[in-house]
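J.: What follows is a predicted structure for the sequence shown.
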Amino acid sequence: MRNKIIASLFLGLLHFVANTLCATPPNVVLIFMDDAGYGDFHPFGNPPYATPHVKRLAAEGGRFNRFFVPQAVCSASRAALLTGCYPERTKMFGALSPGEKGLDGKFSTMAEVFKKSGYATALFGKWHLGEEAATRPAARGFDESAGLLLSNDMWDKNNRDPKKWANYHLKFWTNDKVTCDRVTPEFQKTLTSQAAQASVDFIQRHQASPFFLYVPFSMPHVPLYCSEAFQNKSGAGLYGDVIMELDDAIGQIMTALKVNGLEENTIVIVSSDNGPWLLWGNHAGQTPFREGKTTSFNGGTQSPLIIKYPAKIKAGSSSDAMFCSIDLFPTLCSWTGVALPSHEIDGKDVSSLMAGETGSRNPHDYYSVTVGKDFQAIISGDGRWKLHLPHLYNHPAKIGHDGRPGVYEDRKIPLSLFDLQQDPKETTNVMKENPQVLKQLQQLAQDHQKKFYE
Ligand SMILES: [Ca+2]
């Protein structure tokens, strides 16, 4: 009997060692759309068109209802996602124009650390973190890449600032070479399907080895384009057609994982770099929150987030725990066993919070929210309170229609404390009723100001 027990313990130990040594680390597929609204997809919203693939992904994974980005604009949000650092640390503010300095090489990207750990890495979609050779995807950890280096409205057909863009031609790059030196409207119609096909092909080629696949779709950023197959499909206008094509593209990536037997051991993340660009009216997405892109209100910063990772996230779960895009880098490193960069970052591992483990709490004392260089708001680490420092913000005084832009006006918000638990739409200033909370957040804001701005 004793021998039997020893033999079975020994076998168990052998099994454990073999599993530990042979276990393939999980793949990562990180899908980050451009300007998609919180409510553009089921089940986050109830738009008048179907998004069956995202809906199914949410049922197979977990939906996170209170995920936010630290700055609601393209380059700042992408730098924060890929480095785990606040814009005020990387100095990647706003949206880069052609010729502007890209992301500083001293901040490691997710792609770099995954590549160092033996992952194959690829980017299919929009970069927007620099055009110089040293700041392009090939120099920042991506083995393969294809897409735009800039936003899809940075071209000679820009109708919001036609003078600035009159002579500018948007280029499409493949593996660090220009493969289309003048993107046309016809070419823009293929952006979503190209990114989907390249992703499917990459998954097929790397089914046997771990990979990190970043898919920052150029859509639904204006100007909106979709392929012929999706035109008028939604019955809800071009914006709906574009979202339906994105949903289909996400479905293609899910199918590729399934047919290649990678469904169980892949972390799939779907989100958006910022809230809807409300200035464009029916060419913008939906958010239930206050204001939209370019502001520090929840309408700008709060994005839908789905994570499917069968080993850690319960299928069909829904979480109201709050965390920020800067936390995804350390959390993914924790799940995959990939080493974090040696330099300081701002994000923290929130894997236990995401998994809904009993007693788990957010490890941050606070989060900062910025617009450009301006530090405008601070959120308590538990996600309950948000303090807006006095600031101006863009409000669309007149909204656009069918691809014509609206007009912004400046509005001002005084020092305001919102209870996000009771009031996620940031309507009622409860500063006077909560002097202690106010004092605490003001102190944290002052310390943050000192740390990053003085
Ligand atoms: Ca964006």
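T.: Thanks, I have it.
J.: In the record's domain split, what are the boundaries for the chain?
T.: Residue ranges for the domains of the chain, per automatic domain parsing: 26-363, 367-453.
J.: hmm, the longest one touching the ion?
T.: This means domain 26-363. Yes - interface with the ion: domain 26-363 contributes 34, 35, 74, 273, 274 (CB under 5 Å from the ion). Quick note: C-beta positions are derived from backbone N, CA and C, even for glycine.
J.: Is it possible to get JSON lines of the domains of the chain that adds mean neighbour count and mean pLDDT?
T.: JSON lines is the format used below for these (neighbours: other CB atoms under 10 Å; pLDDT from 0 to 100):
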{"stretch": "domain 26-363", "mean neighbour count": "20", "mean pLDDT": "98"}
{"stretch": "domain 367-453", "mean neighbour count": "16", "mean pLDDT": "98"}
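J.: now, which of the residues of domain 26-363 next to the ion sits nearest residue 105?
T.: Of all these, the one with the least separation from residue 105 (CB to CB) is residue 74, at 19.9 Å.
J.: Tell me who's in contact with the nearest residue to the closest one once chain neighbours are set aside.
T.: Nearest residue to residue 74, sequence neighbours excluded (CB to CB, 6 or more residues apart in numbering): residue 95, at 4.5 Å. Applying CB atoms under 8 Å, 6 or more residues apart in numbering, we find residue 95 in contact with 73, 74, 75, 76, 128, 151.
J.: Distance to residue 303 and secondary structure added to the residues you listed, as JSON lines?
T.: Shown next, in JSON lines, are those (distance: CB to CB, whole Å; DSSP: H, G, I helix; E, B strand; the rest coil):
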{"residue": "73", "distance to residue 303": "13", "secondary structure": "coil"}
{"residue": "74", "distance to residue 303": "13", "secondary structure": "helix"}
{"residue": "75", "distance to residue 303": "16", "secondary structure": "helix"}
{"residue": "76", "distance to residue 303": "14", "secondary structure": "helix"}
{"residue": "128", "distance to residue 303": "16", "secondary structure": "coil"}
{"residue": "151", "distance to residue 303": "17", "secondary structure": "coil"}
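J.: Is it correct that residue 301 is in contact with residue 69?
T.: Yes - Residue 301 lies in contact with residue 69 (CB atoms under 8 Å); the separation is 5.4 Å.
J.: who touches both of these two?
T.: Jointly contacting residue 301 and residue 69 under the rule CB under 8 Å, 6+ apart are residue 274.
J.: quick one, what contacts the residue of the stretch 151-300 of the chain found nearest the ion?
T.: Closest contact between the stretch 151-300 of the chain and the ion, by CB to the ion, is at residue 273 (4.2 Å). By CB under 8 Å, 6+ apart, the contact set of residue 273 is 32, 33, 34, 35, 69, 74, 77, 78, 81, 216, 303.
J.: farthest pair in those?
T.: Taking every pair in those and measuring CB to CB, the maximum separation is 14.5 Å, between 35 and 81.
J.: Among the residues of domain 26-363 next to the ion, which ones are in helices?
T.: Per DSSP state H, helices hold the following members of those: residue 74.
J.: where does the closest residue to residue 81 other than its chain neighbours sit relative to residue 346, distance-wise?
T.: Leaving aside its sequence neighbours, residue 81 sits nearest to residue 325 (CB to CB, 6+ apart; 4.7 Å). In this view, residue 325 and residue 346 are 11 Å apart by CB to CB, to the nearest Å.
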